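Visitor: model this:
(one chain, ligands or ions: 2)
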Amino acid sequence: MSKLSMKKDGFAQAAIDELGWWRAHKFLFLRRASQLSVFILFAIGPLFSLWLLKGNLSSSELLGIVPLSDPLATLQVILTGHMPEFTLILGALIIAIFYALVGGRVFCSWVCPVNMVTDSASWLRRKLNLPRTSEMPRSLRYYLLAVVLLLPILTGLTVWEWVNPVPVLYRAALFSAGSGLWLLVAIFLLDLFISERAWCGHLCPTGALFALLGKLSPVKVSAVNAKACDNCMDCFVVCPERQVLKPALKGKQAMITNSDCTQCGRCIDVCAQRVFQYKNRIALKAENTQ
Ligand code: SF4
Ligand code: SF4
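Guide: Ligands and ions are numbered 1, 2, ... in the order given. Next up is the predicted model:
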């Protein structure tokens, strides 16, 4: 049995003992608060006629002024050959610039509601001590992204948006559109029984596009104290994209530059040795030259 699979029971106990329960779960709670806050901002409009954020994750309006649009949904509309409204393009640009600055997959771990479904499957997987399954190639999501962008050119329709689980979950929760819930159950079961982190870590085209957007983001998680690593493997157990960790822990560069990192901060939470921190490139460079 690998060290990784043996860890699945009592992982993070060292961090809880060393840092306390709250600090060992801090970013997990902050992320859940962020995901729920975004949802509540959308929900209070239809419920209480308080339109702080009107629409859904595909297209919305902040305070009745600022347009916000999903870059992938907007790209699909453009590729159908129909020029979208200017506000849709402006909204997509605002979102693209925001995530290019803070980190593309910050969307995945701090905003996207599907993340709660896939994190739950991963948690249950650890609790049930289910065996690791053969992994799909992580590059599959980029091929799927290409297919999603090809479909509107071939069909003239934004086909992916009919089944994209990200807006489907919002529609289901906000408008009781229960028909889309089967998709989320399917993702949960896929992640639980077929392949670990299958959806968000291998398949989702939205996550793939956000990863591309965040490639040059100045904010990254860094293994600033890699020398203190005692190979306990807790970060590998909890990381949804564990392939990004090894270069930072074992390589010459502390910063996790692989844009598949969702910047979820769980590696920071569970590390008793305080190896990881959020850092910006400029501060890290300045520290390294001192
Ligand atoms: S990978 Fe896709 S479904 Fe998963 S959190 Fe990111 S956008 Fe949401
Ligand atoms: S490296 Fe850390 S921040 Fe990045 S995905 Fe893994 S656990 Fe999350």
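
Visitor: quick one: the residue in the stretch 1-150 of the chain that ligand 2 sits nearest to from Thr118, how far?
Guide: In the stretch 1-150 of the chain, the residue that lies nearest ligand 2 is Ser109 (6.7 Å; Cβ to the nearest ligand atom). Any C-beta I mention is one placed from the backbone N, CA and C, and that applies to glycine too. Remark: distance between Ser109 and Thr118 (Cβ to Cβ, to the nearest Å) = 10 Å.

Visitor: overlap in contacts, those two.
Guide: Pro240 (Cβ atoms under 8 Å, 6 or more residues apart in numbering).

Visitor: setting the sequence-adjacent residues aside, check what's closest to Cys235.
Guide: Nearest residue to Cys235, sequence neighbours excluded (Cβ to Cβ, 6 or more residues apart in numbering): Cys267, at 4.0 Å.

Visitor: show me the contacts for the one you found.
Guide: 221, 235, 238-239, 245, 275-276 are the contacts of Cys267 under Cβ under 8 Å, 6+ apart.

Visitor: let's see that with 10 Å instead.
Guide: For Cys267, the contacting residues are 27, 221, 223, 234-236, 238-239, 242, 244-245, 248-249, 256, 261, 275-277, by Cβ atoms under 10 Å, 6 or more residues apart in numbering.

Visitor: so which of the residues you listed are in strands?
Guide: When the contacts of Cys267 are checked against strands (DSSP state E), the matches are 221, 277.

Visitor: from the contacts of Cys267, list the ones also adjacent to ligand 2.
Guide: 221, 238-239, 244-245, 256, 261 (Cβ under 6 Å from any ligand atom).

Visitor: near ligand 1, which of the residues you listed show up?
Guide: Filtered for proximity to ligand 1 (Cβ under 6 Å from any ligand atom), these leave an empty set.

Visitor: what does the chain have sitting close to ligand 1?
Guide: So the chain meets ligand 1 at 108, 112, 114-115, 118, 165-166, 199-200, 204, 206-207 (Cβ under 6 Å from any ligand atom).

Visitor: mind putting those in TSV, pLDDT included?
Guide: Below are those laid out as TSV (pLDDT from 0 to 100):
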residue	pLDDT
Cys108	97
Cys112	95
Val114	94
Asn115	96
Thr118	96
Pro165	90
Val166	86
Trp199	96
Cys200	97
Cys204	97
Thr206	97
Gly207	97
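
Visitor: quick one: Arg281 and Ser122, what's the gap?
Guide: Remark: distance between Arg281 and Ser122 (Cβ to Cβ) = 29 Å.

Visitor: comparing those two, which residue is more hemmed in?
Guide: Neighbour comparison, Arg281 and Ser122: the larger count goes to Ser122, with 19 against 15 (by other Cβ atoms under 10 Å).

Visitor: thought that one was touching Cys200?
Guide: Yes. Ser122 is in contact with Cys200 according to Cβ atoms under 10 Å; the separation is 9.3 Å.

Visitor: now for the two: what residues contact both?
Guide: 191, 240.

Visitor: need the contact list for Trp51.
Guide: By Cβ under 10 Å, 6+ apart, the neighbours of Trp51 are 41-42, 44-45, 60-64.

Visitor: among those residues, which ones are buried?
Guide: 41-42, 45, 60-62 (16 or more other Cβ atoms under 10 Å).

Visitor: reformat those as a markdown table; add secondary structure and pLDDT.
Guide: Output for the buried ones among the contacts of Trp51, formatted as a markdown table (DSSP: H, G, I helix; E, B strand; the rest coil; pLDDT from 0 to 100):
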| residue | secondary structure | pLDDT |
| --- | --- | --- |
| Leu41 | helix | 93 |
| Phe42 | helix | 90 |
| Gly45 | helix | 88 |
| Ser60 | strand | 93 |
| Glu61 | strand | 95 |
| Leu62 | strand | 95 |
